[in-house]
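Undergrad: Kindly generate the corresponding structure for this input.
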Amino acid sequence: MANGASIIIGLVFVILASLCAWFFAPKGDNQTYAPFSSVSIRKIRSTNADMIML
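TA: Numbering: from 1, shown residues only. Next up, the predicted model:
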């Protein structure tokens, strides 16, 4: 029974940690700008691809 309980306790811990991280993450005006996020990198790549095609 101890092995089965440890899996459940582990899942509960991971879920609680995820909820806390989401709750305390900066949102709205407090959110910081990430200059090299995956979205901005895609924009840079597509812009470079457009320039090459010209």
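
Undergrad: tell me the mean pLDDT for the helix ranked longest in the chain?
TA: Looking across the chain with DSSP state H, the single longest helix is helix 2-24. Per-residue pLDDT values across helix 2-24 average out to 91.

Undergrad: element containing residue 26?
TA: Using DSSP states H and E, residue 26 is not contained in any helix or strand.

Undergrad: Return the distance of residue 26 relative to residue 32.
TA: From residue 26 over to residue 32 the distance is 6 Å, taken as CB to CB, to the nearest Å. Glycine gets a C-beta too; all of them are placed from N, C-alpha and C.

Undergrad: Of these two, which one has the most company?
TA: Each of residue 26 and residue 32 has its neighbours counted (other CB atoms under 10 Å); residue 26 has more, 8 against 5.

Undergrad: Got phi/psi on that one?
TA: Per-residue torsions, residue 26: phi -60, psi 140 (degrees, to the nearest 10).

Undergrad: and the gap between it and residue 10?
TA: For residue 26 relative to residue 10 (CB to CB), the value is 28 Å.

Undergrad: Many thanks, I have nothing further to ask.
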